[in-house]
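Asker: A structural model of the following input is requested.
(2 chains)
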Amino acid sequence: MSRGMRVHIDWTRCDGHGACAELLPELLATDEWGYPQSRSGERDPLVPAELERYAHRARNACPLQALRLVP
Amino acid sequence: MDEALWALGRGTGVVALVCFTLTMVLGIMGCGGRNALGVGRFGLNELHRTAALTGVGLIAVHVGSLMFDPYAQLSVVDAVVPFLGDYRPLWQGLGTLAVDLLLVVTVVSLLRDRVGPRVFRAVHLLTYLMWPVALAHAVGNGTDNTSAWMIGLAAGCVLAVALAVGWRLSPAFVGRGRVRVERRLGT
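Answerer: From the prediction side, this is the model:
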């Protein structure tokens, strides 16, 4: 059923706390300022099924609710 | 059975105070996005949340048990409207006030997705009012307040939060801005 979700960062909210990159190191690195950076270069990286659990945790862990999971 | 409810009411109140003290300290430590305790930014946040919700559960038992306790005989009105109680109305009222604040903070926090980060943060600041009010209630209303262990515990809680707030306000607190500069310089 799941057709794959994507990680979307709302840059108007993100302040580089870095919780998302801690929970999703496979998808997100942090740049030198601490802001998340997609490892694949895709703007909204696709979440593999086995990482969906961590994607939800990363979404909840963002103190500024800047990380969204989009279809 | 009467003794059991009385003991449960007092015990859960004391442990809830410890939980909320821990919640305050973890919340203050986590702000600024640092990896304190080596559990990561997210770990600190999850501990903060777990400690807070544990405290909420304990307070539910605290209030509930004292409603059924024939000694305390807390009424439903006293559990919601402060300063109307028969026994030490001021100190009991502070507890009721703290429960009301706790209710607001908990509900808004659980609805974070709906209210957004600004309201979430603003309402969260109420905890800086709630915690001292709850502490005053524990010390002033608690029937153990003359025993050394309770005084020691309350003093320990005050010290823990005071140290955390002091550190947060001190120049030694490194905000994300400076962390970024250090990171860029590779230090």
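Asker: sticking with residue B:79, tell me its helix or strand.
Answerer: Element membership of residue B:79 [criterion: DSSP states H and E] is helix B:76-80.
Asker: centre of the chain versus that helix, how much separation?
Answerer: Relative to its chain's centre, helix B:76-80 lies at 20 Å (CA atoms, centre = their mean, to the nearest Å).
Asker: could you list the residues in contact with that helix?
Answerer: B:63, B:67, B:84, B:85, B:92, B:96, B:99, B:100 (CB atoms under 8 Å, 6 or more residues apart in numbering or on different chains). In this view, the C-beta of every residue, glycine as well, is placed from N, C-alpha and C.
Asker: and the third one, how many neighbours does it have?
Answerer: Residues within reach of residue B:84, counting by other CB atoms under 10 Å in any protein chain shown, total 13.
Asker: wasn't it part of a helix?
Answerer: No: read with DSSP: H, G, I helix; E, B strand; the rest coil, residue B:84 is coil and lies in no helix.
Asker: report pLDDT for the residue nearest to it when sequence neighbours are not counted.
Answerer: The shortest distance from residue B:84 to any non-neighbouring residue, by CB to CB, 6 or more residues apart in numbering or on different chains, is to residue B:78 (5.8 Å). Model confidence at residue B:78, given as pLDDT, is 84.
Asker: bridged to residue A:37, which residues?
Answerer: Beta bridges link residue A:37 to residue A:29, judged by DSSP bridges.
Asker: list the contacts of it.
Answerer: A:28, A:29, A:30, A:31.
Asker: now with 10 Å, please.
Answerer: A:9, A:21, A:27, A:28, A:29, A:30, A:31 (CB atoms under 10 Å, 6 or more residues apart in numbering or on different chains).
Asker: filter these down to the buried ones.
Answerer: A:9, A:21, A:27, A:28, A:30 (16 or more other CB atoms under 10 Å in any protein chain shown).
Asker: the third one contacts residue A:41, doesn't it?
Answerer: No: shown here, residue A:27 and residue A:41 do not form a contact pair, counting by CB atoms under 10 Å, at 11.3 Å.
Asker: send the alpha carbons of stretch B:70-82 over as CSV?
Answerer: Output in CSV follows, covering the C-alpha atoms of stretch B:70-82 (Å, rounded to 0.1, in the frame of the first residue of the first chain):
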residue,chain,number,x,y,z
PRO,B,70,-11.5,9.4,53.8
TYR,B,71,-8.8,11.5,55.5
ALA,B,72,-8.1,14.0,52.7
GLN,B,73,-11.6,14.0,51.1
LEU,B,74,-10.6,16.0,48.2
SER,B,75,-13.7,17.1,46.2
VAL,B,76,-14.0,17.4,42.5
VAL,B,77,-14.3,21.2,42.8
ASP,B,78,-11.1,21.4,44.9
ALA,B,79,-9.3,19.4,42.2
VAL,B,80,-10.1,22.1,39.6
VAL,B,81,-10.8,25.4,41.3
PRO,B,82,-7.9,26.6,43.5
